[in-house]
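Trainee: kindly return the folded structure for what I paste below:
(one chain, ligands or ions: 1)
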Amino acid sequence: MIKVKNVWKIYGKGEAKTIALKNINLEIEKGEFVMIMGPSGCGKSTLLNILGLLDVPTKGAVHYKGRKTSSMSENERAVFRRKIGGFVFQQFHLIKTLTALENVELPMMLDEKDKRYRRRKAKKLLKMVGLEKRINHYPHQLSGGQQQRVAIARALANDPKIIFADEPTGNLDSKSGEVVMNILKELNEKGITIIMVTHEQELTRYASKIVKLKDGEIVEIVEK
Ligand SMILES: Nc1ncnc2c1ncn2[C@@H]1O[C@H](COP(=O)(O)OP(=O)(O)OP(=O)(O)O)[C@@H](O)[C@H]1O
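Mentor: Now for the predicted structure:
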């Protein structure tokens, strides 16, 4: 589904030069639950952003379903990010002035879906993540775990094939983190590919493949 070939990411020049990724080769198949792990600064987020087409490699190629993503137009890349990928971040990134329901509706508005459809779908997704009683709450009226569940519902709005999650449990206590992980596990069982960055060793039990990075290089890939 996604193939990464000889990918390098280099930031800056001269003394400020940082090699964030060194010759990464990786294949991700449909239905996998991939965890990208490693110490702080080893390049996890950089790799996730390149896989999700949020960023481009300095050298090397990323293929999605056999298609070289560097040959896609900016519009095609945007469509990939909106319709193929769903993104979840450590900081939730909800819009503060919108309710939970409106936050989930937002990506569908960009897609010009009609209002009744959007509302019905957003309610269904919030119910799926166990928030049917919180749909009219604003982010500040929700706990961190609840906000992250809203963010997951939002990521699902356009029926993505792949969820890209960067430390989705990083700001949560272990109980809320487990609720979030179980939602990701259920989505994976429904066929959605999950690609997640974490440094929490205990979460590896959810993964079908663990990609271990160190200093920008893959040091080990464990398949389970
Ligand atoms: N925009 C940027 N400009 C310059 N250097 C960057 C930039 N983004 C990341 N880096 C550097 O690239 C390296 C990899 O960063 P990255 O954020 O991918 O690591 P990470 O493994 O996700 O770290 P963490 O676990 O701390 O979030 C780091 O040395 C970082 O300082």
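
Trainee: can we go C-alpha only for contacts and neighbour counts from here?
Mentor: Will do.

Trainee: please, which helix or strand holds residue 8?
Mentor: According to DSSP states H and E, residue 8 maps onto strand 2-11.

Trainee: check which residues of that strand are buried.
Mentor: For strand 2-11, a neighbour-count test (16 or more other C-alpha atoms under 10 Å) marks 2, 3, 4, 5, 6, 7, 8, 9 as buried.

Trainee: in JSON lines: these, plus pLDDT and distance to the ligand.
Mentor: As requested, these are exported to JSON lines (pLDDT from 0 to 100; distance: C-alpha to the nearest ligand atom, whole Å):
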{"residue": "2", "pLDDT": "97", "distance to the ligand": "19"}
{"residue": "3", "pLDDT": "97", "distance to the ligand": "19"}
{"residue": "4", "pLDDT": "98", "distance to the ligand": "16"}
{"residue": "5", "pLDDT": "97", "distance to the ligand": "18"}
{"residue": "6", "pLDDT": "98", "distance to the ligand": "17"}
{"residue": "7", "pLDDT": "98", "distance to the ligand": "13"}
{"residue": "8", "pLDDT": "98", "distance to the ligand": "11"}
{"residue": "9", "pLDDT": "98", "distance to the ligand": "8"}
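
Trainee: and the residue nearest in space to the middle of the chain, what are its bridge partners?
Mentor: Nearest to the mean C-alpha position of the chain, by C-alpha atoms, centre = their mean, lies residue 164 at 1.6 Å. Counting by DSSP bridges, residue 164 forms beta bridges with residue 87, residue 195.

Trainee: quick one, what contacts it?
Mentor: Going by C-alpha atoms under 8 Å, 6 or more residues apart in numbering, residue 164 touches 48, 52, 85, 86, 87, 88, 194, 195, 196.

Trainee: ok, back up a step: after the strand holding residue 8 comes which helix or strand?
Mentor: Counting by DSSP H and E, what follows strand 2-11 is strand 18-28.

Trainee: kindly export that next one (C-alpha atoms) in CSV.
Mentor: Only the C-alpha atoms of strand 18-28 are listed here, as CSV (Å, rounded to 0.1, in the frame of the first residue of the first chain):
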residue,chain,number,x,y,z
THR,A,18,20.4,17.8,10.7
ILE,A,19,19.9,14.4,9.1
ALA,A,20,16.5,13.5,10.4
LEU,A,21,16.1,10.3,8.3
LYS,A,22,18.9,8.2,6.7
ASN,A,23,18.1,5.9,3.9
ILE,A,24,14.7,4.6,5.1
ASN,A,25,13.2,1.6,3.4
LEU,A,26,9.8,0.4,4.5
GLU,A,27,6.7,-1.3,3.2
ILE,A,28,3.3,-1.0,4.8
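
Trainee: partners of the helix or strand that it is followed by in the sheet?
Mentor: For strand 18-28, the succeeding helix or strand toward the C-terminus, using DSSP H and E, is strand 33-37. Paired neighbours of strand 33-37 in the sheet (DSSP bridges): strand 193-197 (parallel), strand 209-214 (parallel).
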